[in-house]
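Visitor: Sequence and predicted structure below; questions after.
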Amino acid sequence: MIALAISAIVVALLALSPFFFDAYGVGVIVGLLGYATLASAWAMFSGPTRYVSLATVAFFGVGAYTVAVLSEVLAWPLVLICAALVGAGLALVVGLSTLRVAGIYFVIFSFGLAELIRQLITWYEVNLTGTLGRYIFLPIEPQHVLWQLLALAVVTLLLAALIERSRLGLALKAIGDDEVVAQHAGINLARAKLTLFVLSATIITLVGAIQAPRWVYIEPAIVFNPQVSFLTVIMALLGGANRRWGPILGAVPLFLLFEWLGANFPNHFSIILGLLFIIIVFALPDGVLAAIEKIRRKEARA
């Protein structure tokens, strides 16, 4: 109950933040909510299954481009519904063809998928529409983006909690521990992995769609930036991809750190990002929350 009350207070404060912060402050909170939701959605699938996906930016960019294409012909709620359907459809096709592979092969494919989609959209824009990017003119203010992302973040956390306590969550944990044993136990591996992969990808697509009006002008280099995928993975791993609050715990400090680094060391940002990735993987392979739990268990035994 205490955790629920604290969560409600935090959500209320974030919802009221546009009335107390200037445009820059609201923009920072929007970015923070976006990455917190991305990390939570990524961990929803990759946490229990241990399938490291670098395709986050593929669905993120597809969501943004769906808004760019449909925003002038459909109402905003219908645009978001279409974006969710497009993301789910793409995830279904990708999942049916790739979730039977694992390990480094899945990592390579997921990274290649994002690059393939970026190149296809670039080719389409240059050769068929005669442009490189698109403009988005919607009467959506930064505070509206913030409230929509906040609602999506809350829904994501609720879904993660429900899945964790469901039979699907137990099946995914078994798959993450040992797929062979899980299969012999009667778990339908393909269906379990596909269900959560589609759900995770749909949420990621909606994050890209909701944030699209912020840019006004988008092009493949902006919305298909590989940095989105790597930042999402680092944030989830830092906090702990197997913990409900782990991705958010990793997203908050890292996003603020990356904001500061991007402003003060723009030419060295990629180098620092790579070093942080290596340090987190070697020093905190299971995340901060898991490390804290180990320390507490040692103190209890002592």
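Guide: Great, that's in hand.

Visitor: And for Val28, nearest residue in space, chain neighbours not counted?
Guide: Among residues not flanking Val28 along the chain, Glu259 sits closest, at 6.6 Å (Cβ to Cβ, 6 or more residues apart in numbering). Where you see a C-beta, it was placed from the backbone N, CA and C, and this is true even at glycine.

Visitor: same deal with Gln148?
Guide: The shortest distance from Gln148 to any non-neighbouring residue, by Cβ to Cβ, 6+ apart, is to Ile210 (4.8 Å).

Visitor: How many residues are close by that neighbour?
Guide: Counted with other Cβ atoms under 10 Å, residues neighbouring Ile210 total 28.

Visitor: who's in contact with it?
Guide: Applying Cβ atoms under 8 Å, 6 or more residues apart in numbering, we find Ile210 in contact with Gly34, Gly63, Leu80, Val145, Gln148, Leu149, Leu152.

Visitor: for this protein, which spans come out with low pLDDT?
Guide: Along the chain, the model assigns pLDDT under 70 to residues 1, 3, 102, 176-186, 281, 283-297, 299-300, 302.

Visitor: center of it - which residue?
Guide: Leu38 (1.9 Å; Cα atoms, centre = their mean).

Visitor: Now do the same contact list for that residue.
Guide: Thr56, Phe60, Ile204, Val207, Val228, Thr232, Met235, Ala251.

Visitor: so of the residues you listed, which ones are in helices?
Guide: Thr56, Phe60, Ile204, Val207, Val228, Thr232, Met235, Ala251 (DSSP state H).

Visitor: still on that earlier bit, for whichever helix or strand the residue nearest to Gln148 is part of, which residues meet the burial criterion?
Guide: Of the helices and strands defined by DSSP states H and E, Ile210 is found in helix 189-215. Neighbour counts using 16 or more other Cβ atoms under 10 Å place 189, 192-215 of helix 189-215 among the buried residues.

Visitor: after it comes which helix or strand?
Guide: strand 217-218.

Visitor: For that following strand, name the packing helices and strands.
Guide: Judged by 3 or more Cβ pairs under 8 Å, 6 or more residues apart in numbering; DSSP states H and E, strand 217-218 is in contact with helix 56-70, strand 134-135.

Visitor: most packed of the ones you listed?
Guide: Using mean count of other Cβ atoms under 10 Å, the stretch among the helices and strands packed on strand 217-218 with the largest mean neighbour count is helix 56-70, at a mean of 26.

Visitor: quick one, the following helix or strand past it and helix 56-70 angle?
Guide: Once the chain leaves helix 56-70, the next helix or strand it forms, by DSSP H and E, is helix 76-98. Angle of helix 76-98 versus helix 56-70, following axes from the mean of the first three to the mean of the last three Cα atoms, to 10 degrees, is 140 degrees.

Visitor: Which residues in helix 76-98 does the neighbour count mark as buried?
Guide: Within helix 76-98, the residues that count as buried by 16+ other Cβ under 10 Å are 76, 79-80, 82-84, 86-88, 90-91, 94-95, 98.

Visitor: now the very next helix or strand once past that helix against helix 76-98, angle please.
Guide: Per DSSP H and E, the first helix or strand lying C-terminal to helix 76-98 is helix 104-124. Put simply, helix 104-124 runs at 130 degrees to helix 76-98, going by the same axes, to 10 degrees.

Visitor: And helix 104-124, what does it pack against?
Guide: So helix 104-124, by 3+ Cβ pairs under 8 Å, 6+ apart, packs with helix 56-70, helix 76-98, helix 220-223.

Visitor: hang on, the earlier thing: could I get the helices and strands packed on strand 217-218 as TSV with distance to Arg301?
Guide: Shown next, in TSV, are the helices and strands packed on strand 217-218 (distance: least, Cβ to Cβ, whole Å):
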stretch	distance to Arg301
helix 56-70	39
strand 134-135	59
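
Visitor: nearest to Trp42, of the ones you listed?
Guide: Ranking those by proximity to Trp42 (Cβ to Cβ) places helix 56-70 first, at 5.9 Å.

Visitor: Tell me which other helices or strands the closest one touches.
Guide: Secondary-structure packing of helix 56-70 (3+ Cβ pairs under 8 Å, 6+ apart): helix 23-49, helix 76-98, helix 104-124, strand 134-135, helix 189-215, strand 217-218, helix 220-223, helix 227-239.

Visitor: That helix: how far from the chain's middle?
Guide: Taking Cα atoms, centre = their mean, to the nearest Å, the mean C-alpha location of helix 56-70 is offset from the chain mean by 13 Å.
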